Every structure is written in C-alpha cells, then in structure tokens.
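[1] Starting from these lines, generate the structure:
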Amino acid sequence: MRAIVVSAYGGSSVLEYTEAPDPVPGPGQILIDVAASGVNFLDVYHRQGRYPLPLPLVPGSEGAGTVAQIGPGVTEVVVGDRVGWVNVPGSYAEKAVIPAAKAIPLPPGVSPEQAATVLLQGLTAHYLTTSTYQVRPGDTVLVHAAAGGMGLLLTQMARLHGARVIGTVSTPEKERMAREAGADEVFGYDDFAAKVRGLVPEGLPVVYDGVGAATFDGSLACVRPRGLLAVYGAASGPVPPFDLQRLNQAGSVFLTRPSMAPYIATREELLGRATDVLGWVAAGQLSVHVHARMPLAEAARAHDDLEGRRTVGKLLLIT
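    Numbering: from 1, shown residues only. This is a model prediction of the structure:
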C-alpha cells in the first residue's frame, strides 16, 4: 500500500509518501480500506514529537472507510461495514488496522468523508460542551479560532445547547464563516479580553481556547469568578508555566487541559458521543465545512496550511 511514513520527528518535510507493508488485523482488530483521513493538530504534535509515538510512524488519528477484513474474535462489525475512528494512529494510508472496539458505525446519510471531517473534532466539541463544562441555555461562551474546524463545531454545539457565542478570528472571511455557524459576536484578537468584558462585564462561565500561548492571558481575563478556562489545544504554542496564584486572583477560576482519551474511555461513551454528533450531521443540525480535499501524497502541504492558519474548516486527505 501507499502511506505517509515518519521516520524522524521534525517539520512537515519528514512526512514521506512511500510504499509500506499491508497491515494485517490480529485478534480483536479490523482492516479498513481508508476513504479519507482528517488532518488535525494532533497529527502535527505526533510528527513533531511533542506527543511522541514509536518510530517509524504512520500518522493520522482520524479516518473513515470500509471494513475489508476482520481478525479473530471480532463481533462488533462485519466486512463491508462503513466505519470511522478517532484516537488511533495510522490513517494516513490506503489501509489501516484499528481495534474493533474503536470502530464507529456510520449511520445512513453520513458519508466516510463527512465522518473523517467531523469525528475527532466533533467528539472533542461534544465533551467540551457537555462534560468539561455543561453549556446551558443563557450562557455566553467564548470560542477562539471560531472559523477553524474545531471552532465551527464548538460554535454550533454551544448554540444547540442554547448559548450565546462570542468568537475570535483573524480575517474578515473567517468572521463571515463564524457568523454563518451561529456566532453572535465576532472580532479579532487585538484587545479581545477588553471587548469581551465590554459585552459581559461580569465575565464568562467558560472560555474554549485552542490557540494556547498567544491567547492564554486574555482568556483568563475573560473568565468570571468560579468560571472555567478550557485550554484544549496549542495552535500558537504551549502555554508557559505560570503562578497558580493567578487563578486565585481571578476569582477561584478553574483551569483544565482536557484531552480526548478520558472522555471516550469506554465503548459505551465513545458510541454515545458519536451517535449524537453523527446524528446531528445526518439531521442537518450540524454542518461540516471542508476547506480542501488533498491527495494523500500532499500531506506535507496539508500540515503547512494547518500550521500556517490558512484554513477555514477541515482538511482531508483522500486515498
């Protein structure tokens, strides 16, 4: 098969498009003919070694396709089923092996491309708006990078839960996208904390920050006493170490750095969240926007565009 292989951590140039052995499913595993793979910052962190995985590595933690073969003991799916998956590396390839327990059945009306577009970020947005913090009707929330793949989904889900959404963006085009997704107020990053406090003087119950270092101080300044700052990503770089006393001074503010695995630790929780997300997509309540569909061979360009913040919505690699 053809695949993207990383033999050494580094920049996008380490993403080598090459031939690799066809994977074989073992006990409890399934082989999938990959239709599409989502491109996420998690893949960048794996490529860089920020979240190290054993090398050589086939990156890609989100994909969808058709079950081609099942290993011994598999009962969850059969050959021919359409499935998606998240949090299992190896999707930047024509074929991938995943644990059957991680396979997410795709409902009628949801294509593999849609699943590869929405699953990882959709499940993340789901746990952020239901479990990390339960968004309630009447809440006002801040979503950074509101026109990115995550931002668009967070905005829509917060609105589904009855919230008012403030979004930050970097260009007029991204402002348009954020507003179309349902953001009530949208502005740039300059002095965003003062603008938020101008709209909501008491501060916000929750801020969703996937930007990291560049926005952390301002995000903290937006949170009301006993509110929550959820730093779920670091597109601008990791947040430097800081004095915990700042949380006290801000009014006993809570700070969390959530990640996917603890929120889909059981198959029941995985399928519960996925059923909601894919059901909203099938019903037209949650729209997904694909910025570009690229051939697998162009994975390096996809990473460059993602890291350069040149995307509006999601990047897909098509096999």
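
[2] contacting residues around stretch 187-196?
    Contact partners of stretch 187-196, identified using C-beta atoms under 8 Å, 6 or more residues apart in numbering, comprise 142, 166, 168-170, 175, 203-204, 214-215, 217-219, 221-222. C-beta coordinates here come from the backbone N, C-alpha and C atoms, glycine included.

[3] Among those, the buried ones, what's the PyMOL command?
    To isolate the buried members of these in PyMOL, using 16 or more other C-beta atoms under 10 Å:
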select buried, resi 142+166+168+169+175+203+204+214+215+218+219+221+222
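
[4] So which of the contacts of stretch 187-196 are in strands?
    Residues of these located in strands (DSSP state E): 142, 166, 168, 204.

[5] still on that earlier bit, which one among the contacts of stretch 187-196 gets closest to residue 262?
    Nearest to residue 262 among the contacts of stretch 187-196: residue 219, at 22.0 Å, using C-beta to C-beta.

[6] In contact with the closest one: list those residues for me.
    142, 144, 193, 207, 209, 229, 231 are the contacts of residue 219 under C-beta under 8 Å, 6+ apart.

[7] and the two most separated of these?
    Between all members of the contacts of residue 219, the farthest pair (by C-beta to C-beta) comes out as 193 and 231, at 15.1 Å.

[8] Who has more neighbours out of these two?
    residue 231 (23 against 19; other C-beta atoms under 10 Å).

[9] And that one, how far from residue 309?
    17 Å (C-beta to C-beta, to the nearest Å).

[10] do residue 163 as well
    Residue 163 is 25 Å from residue 309, by C-beta to C-beta.

[11] Next: residue 47.
    Applying C-beta to C-beta, the value for residue 47 to residue 309 is 17 Å.

[12] Do you know the pLDDT at the spatially most central residue of the chain?
    Taking C-alpha atoms, centre = their mean, the centroid of the chain lies closest to residue 121, which sits 2.7 Å from it. Residue 121 carries a pLDDT value of 94.

[13] Quick check, it in contact with residue 41.
    No. The pair residue 121 / residue 41 is not scored as a contact, 9.8 Å apart, by C-beta atoms under 8 Å.

[14] tell me the secondary structure for the closest residue in space to residue 97 that isn't next to it in sequence?
    Distances taken as C-beta to C-beta, 6 or more residues apart in numbering place residue 23 nearest to residue 97, at 4.2 Å, with adjacent residues excluded. Using DSSP: H, G, I helix; E, B strand; the rest coil, the structure places residue 23 in coil.

[15] Any idea how far the one helix or strand residue 85 maps to is from the middle of the chain?
    Per DSSP states H and E: residue 85 is located in strand 82-86. Here strand 82-86 is found 15 Å from its chain centre; the criterion is C-alpha atoms, centre = their mean, to the nearest Å.

[16] tell me what it is packed against?
    strand 29-39, strand 62-70, strand 104-105, helix 112-127 (3 or more C-beta pairs under 8 Å, 6 or more residues apart in numbering; DSSP states H and E).

[17] got any ranges where the stretch 201-319 of the chain has weak pLDDT?
    Along the stretch 201-319 of the chain, no part satisfies pLDDT under 70.

[18] per the record, what domains does the protein have?
    2-119+267-318, 136-256 (automatic domain parsing).

[19] Mind putting those into CSV with distance to residue 129?
    What follows is these, written out as CSV (distance: least, C-beta to C-beta, whole Å):
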stretch, distance to residue 129
domain 2-119+267-318, 11
domain 136-256, 5
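
[20] between those domains, which one is nearest to residue 125?
    Smallest distance to residue 125 across those (C-beta to C-beta): 4.1 Å, for domain 136-256.

[21] Endpoints of the closest one, how far apart?
    19 Å (C-alpha to C-alpha, to the nearest Å).

[22] Which residue comes closest to residue 26 once chain neighbours are left out?
    Going by C-beta to C-beta, 6+ apart, residue 26 has residue 71 as its nearest residue, at 5.2 Å.

[23] Could you count how many residues lie near the one you found?
    Neighbour number of residue 71 under other C-beta under 10 Å is 16.

[24] residues contacting residue 173?
    147, 312.

[25] tell me which residues in the helix or strand hosting it are buried?
    Secondary structure assignment for residue 173, by DSSP H and E: helix 172-181. For helix 172-181, burial by neighbour count (16+ other C-beta under 10 Å) applies to 174, 175, 177, 178, 179, 181.

[26] now the ones in strands among the contacts of stretch 187-196 as TSV including distance to residue 134?
    Converted to TSV, these look like this (distance: C-beta to C-beta, whole Å):
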residue	distance to residue 134
142	16
166	18
168	23
204	14
